[in-house]
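Asks: Sequence first, predicted model second:
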Amino acid sequence: MSFSSKEDPSTLVLFDVDGTLTPARLTISEEMKQKLEKLRSKVVIGFVGGSDLSKQVEQLGPNVLNDFDYCFSENGLTAYKLGKQLASQSFINWLGEDKYNKLVKFILRYLSDIDIPIRRGTFIEFRNGMINVSPVGRNASTQERNDFEAFDKIHHIREKLVDALRENFKDFGLTYSIGGQISFDVFPTGWDKTYCLQHVESEGFKNIHFFGDKSYKGGNDYEIYEDPRTIGHAVNSPADTIKILNELFKLN
Ligand code: M1P
């Protein structure tokens with residue numbers, strides 16, 4: 001599998017999804033799709049998101065595995081190159097059922113004790129490379145998401161739960177990352193977005209660009225943005241991503 005048809009096969013451009021390629025949890029625009037198509041003829045492109053693949057399919061389109069050279073879901077714990085799946089590890093194998101049970105019992109107990117205005121379904125989503133914890137529940141509608149996000153800015157529900165988990169599970173080797181509106185991700189320390197870089201190591205790319213909107217300390221793009229293997233671009237919206245792509249890769 002090679003990238004020799006590209007103008008510059010030695011450059012890889014990786015994108016975060018929410019807030020970088022699409023508005024948070026919403027779908028990709030026609031303008032962004034066309035921009036990426038143009039970019040893909042020049043360089044190798046991929047995305048790296050915290051969400052699982054099914055959500056990225058909803059956001060980036062049903063053909064996502066063919067539209068990007070690399071698709072990295074769950075920070076690269078689920079990985080595809082040119083539509084073919086690459087080998088990956090799993091959260092549950094790494095942590096073990098016993099510790100996982102303790103963690104889940106603690107979270108569910110904690111969530112049942114706090115006061116929040118509404119609750120919907122799916123408070124813990126079990127994924128291949130992580131779990132995702134949402135006090136309001138992943139079944140919240142777009143309006144309910146926005147409402148929870150505003151409520152959380154005042155009451156710090158997620159931050160407090162993360163503090164409690166850090167305190168109670170010190171020896172579990174876990175990292176907690178608040179990357180979206182209503183939830184946070186829990187994964188083994190080191191399994192942040194830099195995890196995906198091991199899948200491209202053998203390709204010997206000369207330049208690896210990364211675009212992300214949560215590149216500040218504590219954001220879920222921080223580690224890969226700061227990583228010496230990447231050239232980081234902090235953006236504040238999909239429109240900003242397009243602007244920088246136009247300048248860097250002369251796409252106009
Ligand atoms: O990609 C950022 C985050 O997007 C979602 O977060 P939320 O539902 O809270 O907006 C989740 O898929 C999360 O795992 C991911 O990190």
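Replies: Arrived safely, thanks for sending.
Asks: Only C-alpha atoms from now on, for both contacts and neighbour counts.
Replies: Will do.
Asks: Give the residue spans of the stretch 1-150 of the chain that score low on pLDDT.
Replies: The stretch 1-150 of the chain contains residues with pLDDT under 70 at 1.
Asks: Break down it into its strands, ranges please.
Replies: Taking DSSP state E, counting those that start in this stretch as the criterion, the stretch 1-150 of the chain contains strands spanning 11-15, 44-48, 70-73, 78-81, 84-86, 124-126, 131-133.
Asks: Can you tell me which of these is packed in deepest?
Replies: Most buried of these, by mean neighbour count (mean count of other CA atoms under 10 Å): strand 70-73, with a mean of 28.
Asks: Just tell me which of the strands of the stretch 1-150 of the chain ends up closest to the ligand.
Replies: Closest of those to the ligand is strand 131-133, at 5.6 Å (criterion: CA to the nearest ligand atom).
Asks: What is the closest one packed up against?
Replies: Other elements packing on strand 131-133 under the criterion 3 or more CA pairs under 8 Å, 6 or more residues apart in numbering; DSSP states H and E are strand 124-126, strand 184-188.
Asks: mind putting these in CSV, distance to residue 201 included?
Replies: Listed next are the helices and strands packed on strand 131-133 as CSV, based on distance: least, CA to CA, whole Å:
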stretch, distance to residue 201
strand 124-126, 28
strand 184-188, 21
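Asks: Kindly reformat those as JSON lines containing distance to the ligand.
Replies: Shown next, in JSON lines, are those (distance: least, CA to the nearest ligand atom, whole Å):
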{"stretch": "strand 124-126", "distance to the ligand": "9"}
{"stretch": "strand 184-188", "distance to the ligand": "5"}
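Asks: and the stretch 101-250 of the chain, which of its residues are near the ligand?
Replies: 132, 179, 180, 181, 182, 183, 185 (CA under 6 Å from any ligand atom).
Asks: mind listing the helices for the stretch 151-252 of the chain?
Replies: 157-168, 222-226, 238-249 (DSSP state H, counting those that start in this stretch).
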